[in-house]
Structure formats: structure tokens, C-alpha cells
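J.: Requesting a structural model of the entry that follows:
(chains A, B and C)
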Amino acid sequence: MAHWLYKSEPGVWSWDAQVAAGAAGTYWDGVRNHLANAHMKAMAVGDRGFFYHSNEGKAVVGIVEVAAAWAPDPADPKGTFGAVTLRAVEPLPRPVGLVEIKADLRLTEMVLVKNSRLSVQPVTDDEWRLICDLGGLAP
DNA sequence: GCCAACGTTGGC
DNA sequence: GCCAACGTTGGC
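T.: Just a heads-up that it's a prediction; the model follows:
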């Protein structure tokens, strides 16, 4: 099963808001980047991902999973862009900061480090295990 | 608040 | 179809 990372500015949509949305989850709309869109199209229900706070916090704070597969965004007249539905699974006992990720020589190839602007990113199995470990979770 | 990196737009 | 200009993102 593939792993992913979703960025969100906590001032706009925070981890707490995601948790409050409950098991039904929320439609991750607003993505207008083709690569991010393609990643969401590739997701399967049940795929897990990291929830990352950008700008403020700058840390992986929790785990989410895909509750519903990609569907076109009604707000996009062309139907090109869409999103999956995400629900919160559990918080990281210890958030893993960007500084910590950048300092770890095993994580230098992470998309978060190499292409920090991409809002939805793939995460390798190794990266997944490492960050879960750093965050105090069993992978 | 600045600026680098990236994506998109539009003129040619 | 190229590429310069512009807007946006996000780290610092």
C-alpha cells in the first residue's frame, strides 16, 4: 500500500480541524497542481499519509487515510482537477519537524526536502517507517 | 517581510 | 512551441 504526504497551512485547515471532521473525513479540494492531482488519482481507499503543517509548525503532526477515492472537483469547470476524501487516523505522539527531517541523512531524498512546494507528495516505505519511528509510532 | 523556486500564462 | 513575465508558495 502506497504512502503519501499532504501539506496544509494550519491557519487554513489544521490537524485539529481534520480530527474534528471525524470518520466521514473531508474532501481535500482546492488542489490546482497537475502533479498533486495525479498523485491523488493514483491513491487507493485505505492508503495512509502524513498530515504536514506548512508555514506555521512545519512538522508532520498526524496520520490520515484515504476514505474515498479521487473524484472530480465540482468547482473546476473542466473536471480536470479533483481530490480524494481524507480522514484522521491518529496523531503522532511526537511531531516530526522539518528541521529534524532535513537534518536526517536518510531523508535527504524526500520530496518534502527536494520539492517543498508540491502539496501532495509520495512517500517511500523507508521514509514512512523512519518518520513513524521518529514520531513515536509503530509503522 | 523577503526572496527563491516553481508553475502557469500569454506574446511572439 | 518557446520563453519571458508574472503569481503563488513556503522556508527562512
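J.: So for the top helix by length along chain A, what gets flagged as buried?
T.: In terms of residue count, the longest helix belonging to chain A (DSSP state H) is helix A:125-134. Neighbour counts over helix A:125-134 (16 or more other Cβ atoms under 10 Å) mark A:127, A:128, A:130, A:131, A:132, A:134 as buried. C-beta: built from backbone N, CA, C; applies to glycine.
J.: Closest one to DNA strand B out of these, please.
T.: residue A:127 (18.3 Å; Cβ to the nearest atom of the strand).
J.: Spatially, which residue comes closest to that closest one, not counting chain neighbours?
T.: Excluding the flanking residues, the one nearest residue A:127 by Cβ to Cβ, 6 or more residues apart in numbering is residue A:110, at 5.6 Å.
J.: Run through the strands of chain A in chain order.
T.: All strands of chain A, identified by DSSP state E, fall at A:3-8, A:26-27, A:48-53, A:59-72, A:82-97, A:120-123.
J.: re earlier: count of neighbours near the residue nearest to residue A:127?
T.: 22 (other Cβ atoms under 10 Å).
J.: quick revisit: and the buried residues of helix A:125-134 near DNA strand B, which?
T.: Among those, not one lies near DNA strand B by Cβ under 7 Å from any atom of the strand.
J.: about what we covered before: right, and the residue nearest to residue A:127 touches residue A:123 too?
T.: Yes: Residue A:110 is within contact range of residue A:123, at 7.4 Å (criterion: Cβ atoms under 8 Å).
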